[in-house]
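Colleague: next comes the sequence, and after it the predicted model I'd like to discuss.
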Amino acid sequence: MDPPTSESNLTTIAEGGSFVPTEHSTEQWSGHPYGRVLHFGIREHAMAAILNGIALHGRTRVFGGTFLIFSDYMRPAVRLAALMRIPVTYVWTHDSVALGEDGPTHQPIEQLATLRAIPGLEVARPADATETAWVWKTILERHDRPTGIALTRQNIPVFERGDDVASGETLASAAHAARGAYVLAEAPTGSPEVILIATGSEVHLALQARTRLAEEGVQARVVSAPCLEWFDEQSDEYRESVLPAAVTARVSVEAGLALSWHRYLGSRGRAVSIEHFGASADYETLFREFGITTDAVVSAAHASLAAN
């Protein structure tokens with residue numbers, strides 16, 4: 001399904017054709033009766049409602065996309081998809097203030113937290129291209145609830161990974177993303193003293209902070225948490241292996257409200273977050289001014305350790 005912002009969030013199906021009469025074809029879109037792409041225009045609520053109808057009608061797996069901020073317009077239909085437990089996928093791009101110069105009207109702050117509050121809706125925010133591929137595969141393998149995938153606008157690194165679990169300086173395989181959260185990087189030596197939990201484009205900040213903390217003699221584990229709903233489904237044993245109860249020094253890192261994170265942080269954890277609206281500037285400036293930096297993660301880790 002083609003969003004109103006297809007050129008911005010890159011969701012058009014290559015050579016999929018447009019579901020419009022052939023005589024309405026353009027230089028950009030080729031229309032025919034079997035086209036796989038619907039052009040909704042700037043109609044997020046209608047798009048989400050129509051996706052619900054298609055999903056209810058038959059076996060077609062549907063997705064529609066727009067900027068994350070505009071999920072607010074879709075919310076009633078998204079909530080109904082969750083209520084009906086149908087497998088609709090929402091591709092929400094431009095997922096933080098890092099979208100930049102469009103300013104605070106277009107920069108999501110509370111959206112991730114409030115979408116996670118919808119019962120039965122899964123919200124995934126992968127860390128890099130490899131994790132995104134595994135998250136998408138996992139979404140397609142699940143058939144009884146809707147999922148929103150939140151993706152960044154800015155360029156972010158693609159991590160070099162190993163084939164299985166994290167060990168030493170080898171990062172874990174992105175296949176573990178299917179479990180919702182996993183140990184991406186283990187403490188360099190010994191047991192972790194602090195756990196850094198991050199999503200999306202902020203995962204690389206947590207990895208940088210791990211290195212800095214190691215130089216200061218602090219052992220930090222990095223957990224990538226692309227989907228909290230999937231993580232909550234896991235066994236007690238698995239969740240304990242990722243977030244051991246004995247390690248109460250914890251830091252969450254996400255460029256939005258910290259509202260989703262307190263139950264994972266506990267009373268001694270700290271959140272690197274944004275608790276106010278954004279501003280119009282390039283993303284490097286915004287992250288620096290709003291404290292979404294490696295320095296901020298390191299400082300939060302020390303604050304949590306001190307609280308312990």
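Modeller: All right, it came through fine.
Colleague: and this structure, what are its domains?
Modeller: As recorded under automatic domain parsing, the domains making up the chain are 6-150, 174-307.
Colleague: I'd like the distance from the longest one to the chain centre, please.
Modeller: Going by C-alpha atoms, centre = their mean, to the nearest Å, the spacing between the C-alpha centre of domain 6-150 and its chain's C-alpha centre is 13 Å.
Colleague: repeat for the last one
Modeller: Counting by C-alpha atoms, centre = their mean, domain 174-307 is centred 14 Å from the centre of its parent chain.
Colleague: tell me the span between the first and last residue of it.
Modeller: With C-alpha to C-alpha, to the nearest Å as the measure, domain 174-307 spans 32 Å from end to end.
Colleague: mean confidence score for it?
Modeller: Domain 174-307 shows a mean pLDDT of 97.
Colleague: which stretches in this structure count as strands?
Modeller: Listed in chain order, the strands of the chain (DSSP state E) span 62-67, 88-93, 122-124, 147-150, 182-185, 194-198, 220-224, 250-253, 270-272.
Colleague: picking up where we left off before, nearest to residue 168, of the domains of the chain?
Modeller: Among the domains of the chain, the nearest to residue 168 by C-beta to C-beta is domain 174-307 (7.2 Å). For the C-beta atoms, the positions are set from N, CA and C on the backbone; glycine is no exception.
Colleague: picking that back up, mind putting the strands of the chain into a markdown table with distance to residue 209?
Modeller: Shown next, in a markdown table, are the strands of the chain (distance: least, C-beta to C-beta, whole Å):
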| stretch | distance to residue 209 |
| --- | --- |
| strand 62-67 | 28 |
| strand 88-93 | 26 |
| strand 122-124 | 23 |
| strand 147-150 | 22 |
| strand 182-185 | 10 |
| strand 194-198 | 6 |
| strand 220-224 | 7 |
| strand 250-253 | 8 |
| strand 270-272 | 9 |
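Colleague: can I get these in JSON lines with mean neighbour count and distance to residue 293?
Modeller: As requested, the strands of the chain are exported to JSON lines (neighbours: other C-beta atoms under 10 Å; distance: least, C-beta to C-beta, whole Å):
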{"stretch": "strand 62-67", "mean neighbour count": "23", "distance to residue 293": "24"}
{"stretch": "strand 88-93", "mean neighbour count": "24", "distance to residue 293": "23"}
{"stretch": "strand 122-124", "mean neighbour count": "26", "distance to residue 293": "24"}
{"stretch": "strand 147-150", "mean neighbour count": "26", "distance to residue 293": "21"}
{"stretch": "strand 182-185", "mean neighbour count": "24", "distance to residue 293": "18"}
{"stretch": "strand 194-198", "mean neighbour count": "27", "distance to residue 293": "13"}
{"stretch": "strand 220-224", "mean neighbour count": "28", "distance to residue 293": "16"}
{"stretch": "strand 250-253", "mean neighbour count": "28", "distance to residue 293": "10"}
{"stretch": "strand 270-272", "mean neighbour count": "25", "distance to residue 293": "8"}
